[in-house]
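In: Okay, sequence plus prediction incoming.
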Amino acid sequence: MQKFKNILKKVWLSIKKHIWSIVLILLALIVGGFFVWDSYTATIDFDPSFIMPQKKEPELFVAPYSGRMVEKSVLEKRPIAVMIENHPDSRPQSGLNDADIVYETIAEGGITRFLALYHSKESELIGPVRSARSYFVEWADSYDALYAHVGGSKEAISLINKLSISDLNQFYLGKYFWRDSTRWAPHNVYTTTEKLRQAAKSKRYKTETSEINGYLFKDDVEESLRPGSQKFTVNFNANFAPTYTYSIECNCYARSIKGVSQIDKKTKKKVIAKNVVVIFSDLGSSYLRGTAYTTITTTGTGAAYLYQDGVKKIGTWKRVPGKPLRFYDSGGKEFELNSGTTWIDVVAKGTIVK
């Protein structure tokens, strides 16, 4: 019995000697046990962001010719200018709504033709592509654009060479274009922005741009402040007189010709403009080997109308060689455009717009 008491005494003395160590061990066991118990019984809301890196939203910039918000990689792409015809057999056309800017003016026979500038959006179908004319060459050059066309007048081809235009002529780059078998030639040549960029690389043209002479942009007018309606017609001639009808919902203008809405062949959507600029210039004719070709003064200054937000604004246009057209109000301040596609109709002085 005395021996047992001696053992207990030794144990007790040992406990007293190491009391704090024992306390710490017990506390550690208690805390550890709590976490084990909690892991089996608690409900945990899993937050993947706690262990997965957050995807960074890309920084966006204002595209210089359309005002659309784009990534820097898009901003740095070189613009592409494409000739698109407007003969009745070419309708409906494709890709006009994807363009930043569309120029429209007379070619031969009173038929208008388009120059569509692509930069902030790519287009999966463009056409029908048609031949070059010298004034369209000058406008394409003003944006330092790759220039796509199917042949052209002798004057236009000469100017392309003189200005060292990055020329994407279907005559020599046929594999980057194709003909639609459901349409009659010559109204059936098509391409895409992707194919045209490939064509540019094959010719070792630069495909990026650093110097951009963009336009000024503003926010759309609030819907409550927009007028109920607006409609006007640009009278190139009796057969080619596009009418623009304003829509308060989209704050845009839908195009029609002789009462027939212009639509996109691929998307079936109406062809629309967020801004319409009508500029008045000197239009004439030149004769080459018995053929009359339209001539247009593309530089200098003249009267201009800007239609946007359902309102007509009167001003002027100005252009110096090698630079884009600019538009100014009566006080000399540059017009601000709405974001989206801008149509520029170039007409002879005295043309009726009503």
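Out: Arrived safely, thanks for sending.
In: what's the closest non-adjacent residue to residue 263?
Out: residue 92 (4.9 Å; C-beta to C-beta, 6 or more residues apart in numbering). (C-beta placed from N, C-alpha, C; glycine too.)
In: Repeat that for residue 257.
Out: Per C-beta to C-beta, 6+ apart, closest to residue 257 is residue 242, 5.5 Å.
In: One more: residue 320?
Out: Closest residue to residue 320 apart from its sequence neighbours, by C-beta to C-beta, 6+ apart: residue 299 at 6.2 Å.
In: ok, that neighbour - contacts?
Out: Neighbour list for residue 299: 138, 319, 320, 321 [criterion: C-beta atoms under 8 Å, 6 or more residues apart in numbering].
In: which of the residues you listed sit farthest apart?
Out: With distances taken as C-beta to C-beta, the most widely separated pair in the contacts of residue 299 is 138 and 320, at 11.3 Å.
In: secondary structure class for residue 201?
Out: Three-state call for residue 201 (DSSP: H, G, I helix; E, B strand; the rest coil): helix.
In: what sits against it?
Out: Per C-beta under 8 Å, 6+ apart, neighbours of residue 201: residue 207.
In: Residue 302 reaches residue 315, doesn't it?
Out: No. In this structure, residue 302 is not within contact of residue 315 by C-beta atoms under 8 Å, at 10.3 Å.
In: Looking at those two, which has the bigger crowd around it?
Out: The residue with more neighbours, out of residue 302 and residue 315, is residue 315; 20 against 15, by other C-beta atoms under 10 Å.
In: ok so, going back, who's more crowded, residue 138 and residue 320?
Out: residue 138 (19 against 12).
In: ok so the more buried one is a strand residue?
Out: No. The assignment for residue 138 (three-state DSSP) gives helix, which keeps it out of a strand.
In: and residue 198, how many residues sit next to it?
Out: 14.
In: now do residue 323
Out: Neighbours around residue 323, by other C-beta under 10 Å: 13.
In: For it, which non-adjacent residue is spatially closest?
Out: That would be residue 142: by C-beta to C-beta, 6+ apart, it lies 5.6 Å from residue 323.
In: Tell me which residues touch that neighbour, please.
Out: By C-beta under 8 Å, 6+ apart, the contact set of residue 142 is 319, 322, 323, 324, 325.
In: Take these and keep only those in strands.
Out: Filtering those for membership in strands, criterion DSSP state E, returns residue 319.
In: quick one, phi/psi of residue 308?
Out: Residue 308 adopts backbone torsions of phi -160, psi 150, taken as degrees, to the nearest 10.
In: Is it bridged to anything, and to what?
Out: With DSSP bridges as the criterion, residue 308 is bridged to residue 311.
In: repeat for residue 329
Out: residue 315.
In: That one contacts residue 312, correct?
Out: No. Counting by C-beta under 8 Å, residue 329 stays clear of residue 312, with 12.0 Å between them.
In: one step back: how confident was the prediction at the residue nearest to residue 320?
Out: pLDDT, the model's per-residue confidence, is 97 for residue 299.
In: Low-confidence bits of the chain, can you list those?
Out: Applying pLDDT under 70 to the chain flags the ranges 1-54, 287-291.
In: Go again with 80.
Out: 1-56, 210-211, 286-293 (pLDDT under 80).
In: Just the helices from it, written as ranges.
Out: 2-17, 19-41, 72-75, 134-142, 154-162, 193-202 (DSSP state H).
In: returning to that earlier point: could you identify the most distant pair in the contacts of residue 142?
Out: 322 and 325 (11.9 Å).
In: more neighbours, the two?
Out: residue 325 (21 against 12).
In: which ones are touching the closest residue in space to that one that isn't next to it in sequence?
Out: By the measure of C-beta to C-beta, 6+ apart, the closest residue to residue 325 outside its immediate chain neighbours is residue 319, 4.8 Å from it. Residues near residue 319 by C-beta under 8 Å, 6+ apart: 142, 298, 299, 300, 301, 325, 326.
In: and the gap between the third one and residue 117?
Out: Same thing as residue 299. 18 Å (C-beta to C-beta, to the nearest Å).
In: Also the last one?
Out: Residue 326 sits 15 Å away from residue 117, going by C-beta to C-beta.
In: Settle it for me: which of the two has more neighbours?
Out: A side-by-side neighbour count of residue 326 and residue 117, using other C-beta under 10 Å, places residue 117 first with 25 against 17.
In: what's stretch 258-270 in contact with?
Out: Everything outside stretch 258-270 that qualifies as a contact, by C-beta under 8 Å, 6+ apart, is 91-97, 124-125, 239, 241-243, 254-256, 271.
In: Now do the buried residues in that stretch.
Out: By 16 or more other C-beta atoms under 10 Å, the buried positions in stretch 258-270 come out as 262, 263, 264, 265, 266, 270.
In: And stretch 189-206, by the same measure?
Out: Here stretch 189-206 shows 189, 190, 191, 192, 193, 195, 196, 197, 199, 200 as buried, counting by 16+ other C-beta under 10 Å.
In: For it, C-alpha coordinates in CSV please.
Out: Only the C-alpha atoms of stretch 189-206 are listed here, as CSV (Å, rounded to 0.1, in the frame of the first residue of the first chain):
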residue,chain,number,x,y,z
VAL,A,189,-18.1,38.8,-106.6
TYR,A,190,-17.8,38.4,-102.9
THR,A,191,-15.1,38.4,-100.1
THR,A,192,-14.7,38.8,-96.4
THR,A,193,-12.5,41.0,-94.2
GLU,A,194,-10.6,37.9,-93.1
LYS,A,195,-9.8,36.9,-96.7
LEU,A,196,-8.8,40.5,-97.5
ARG,A,197,-6.4,40.5,-94.5
GLN,A,198,-4.9,37.3,-95.8
ALA,A,199,-4.5,38.8,-99.2
ALA,A,200,-2.7,41.8,-97.7
LYS,A,201,-0.3,39.5,-95.9
SER,A,202,0.3,37.6,-99.2
LYS,A,203,1.4,40.9,-100.7
ARG,A,204,3.4,41.8,-97.6
TYR,A,205,1.4,45.0,-97.0
LYS,A,206,1.4,46.4,-93.5
